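# Coordinates for the following, if possible.
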Amino acid sequence: MPVPTFHPDVADQHLRVNINEWDGVYVVGDVHGCLPALERLVDRIDPSDDDLVVFVGDLVRKGPDSKGVVDFVRERDNFLTVRGNNEEKLIRGTKEIDALTDDDLAWIESLPVAISWEGALVVHGGVHPDVPLEEHDVEALENTRAMNPGDSYDGPFWFEQYDGPDRVFFGHTVMAHPAIYRYAMGLDTGAVYGGALTAYDLHADELVSVDVEVTHESRKDSKIVEPRQPALA
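The predicted structure follows:
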């Protein structure tokens, strides 16, 4: 399967990985500064140095310990993450986190907007099925949610109508449980909103989740999507 073709603004912010070099591969949903949940999830999946762990972005903001999450991911060579819209807000200066150092911010700015391997693409927001991938700029890959313009929770959602060719792993849209489609998998299960932090074990084709024991930020029910298909057992 060919390497995806990206928008010029994205092409040099794309990381291609060879998953055949790794014993296991895990994709993790939005952490949002929830360090204890991340530590418990990593304890459960127990990755070795020969396993790859990929995050869908939004490591930071809203939760209590963005600095701790950044440090946790940065210090592990086998942990990779795309840049989410909340990382983008830090880069653009529209939001600030006092605990993050200039070195942290430089690392965040260096993060790819897309990570791919054969048959798969990891982005934070999504891919609009009616728009060629090469026309998706950074803003689109980080923020796509609904088919209609805007950051809407009214739907219909892009992942309900997307039909490949690559399977897209994404976050950004908060789900009551993981959204599992043939060509899309949504893993933001609302950790910072008192939900769960979820990982997908690629080789075992299994979901692994840990409940978050505290709600760090409230959220309206209308902004938590109930995917139309049941979650995997």
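
# Touching the host helix or strand of residue 15 from outside, list them.
Assigned by DSSP states H and E, residue 15 falls within strand 14-16. Contact with strand 14-16 is made by 3-4, 6, 80, 112-117, as judged by CB atoms under 8 Å, 6 or more residues apart in numbering. All C-beta spots, glycine's among them, are computed from the backbone N, C-alpha and C.

# Highest neighbour count among these?
Tallying neighbours with other CB atoms under 10 Å puts residue 113 at the head of the contacts of strand 14-16, with 30 neighbours.

# Provide a list of residues in contact with the residue lying closest to that one once chain neighbours are set aside.
Nearest residue to residue 113, sequence neighbours excluded (CB to CB, 6 or more residues apart in numbering): residue 13, at 4.3 Å. Listed by CB under 8 Å, 6+ apart, the contact partners of residue 13 are 83, 112-114, 138.

# Also residue 214?
So residue 214 contacts residue 194 (CB under 8 Å, 6+ apart).

# Low-confidence bits of this protein, can you list those?
In the predicted model, the chain carries pLDDT under 70 at residues 1, 150-151, 229-233.

# Just give the closest residue to the residue nearest the centre of the chain, not the sequence neighbours.
Residue closest to the average C-alpha location in the chain (CA atoms, centre = their mean): residue 56, at 1.7 Å. Closest residue in space to residue 56, ignoring its immediate chain neighbours: residue 171 at 3.7 Å, by CB to CB, 6+ apart.

# What is the distance between the lengthiest helix in the chain and the centre of its chain?
Ranked by residue count and defined by DSSP state H, the top helix of the chain is helix 35-45. With CA atoms, centre = their mean, to the nearest Å as the basis, helix 35-45 stands 16 Å off its chain's centre.

# buried stuff in it?
Going by neighbour count (16 or more other CB atoms under 10 Å), the buried part of helix 35-45 is 35-38, 41-42, 45.

# next one: stretch 190-206
Within stretch 190-206, judged by 16+ other CB under 10 Å, the buried ones are 190-193, 195-202.

# end to end, how far does it reach?
The distance separating the two terminal residues of stretch 190-206, taken as CA to CA, to the nearest Å, comes to 19 Å.

# Off-centre distance for it?
Offset of stretch 190-206 from its chain centre (CA atoms, centre = their mean): 10 Å.

# contacting residues for the spatially closest residue to residue 219 that is not a sequence neighbour?
Using CB to CB, 6+ apart and skipping residues adjacent in sequence, the residue nearest residue 219 is residue 193, 4.3 Å away. Applying CB under 8 Å, 6+ apart, we find residue 193 in contact with 174, 215-219, 224.
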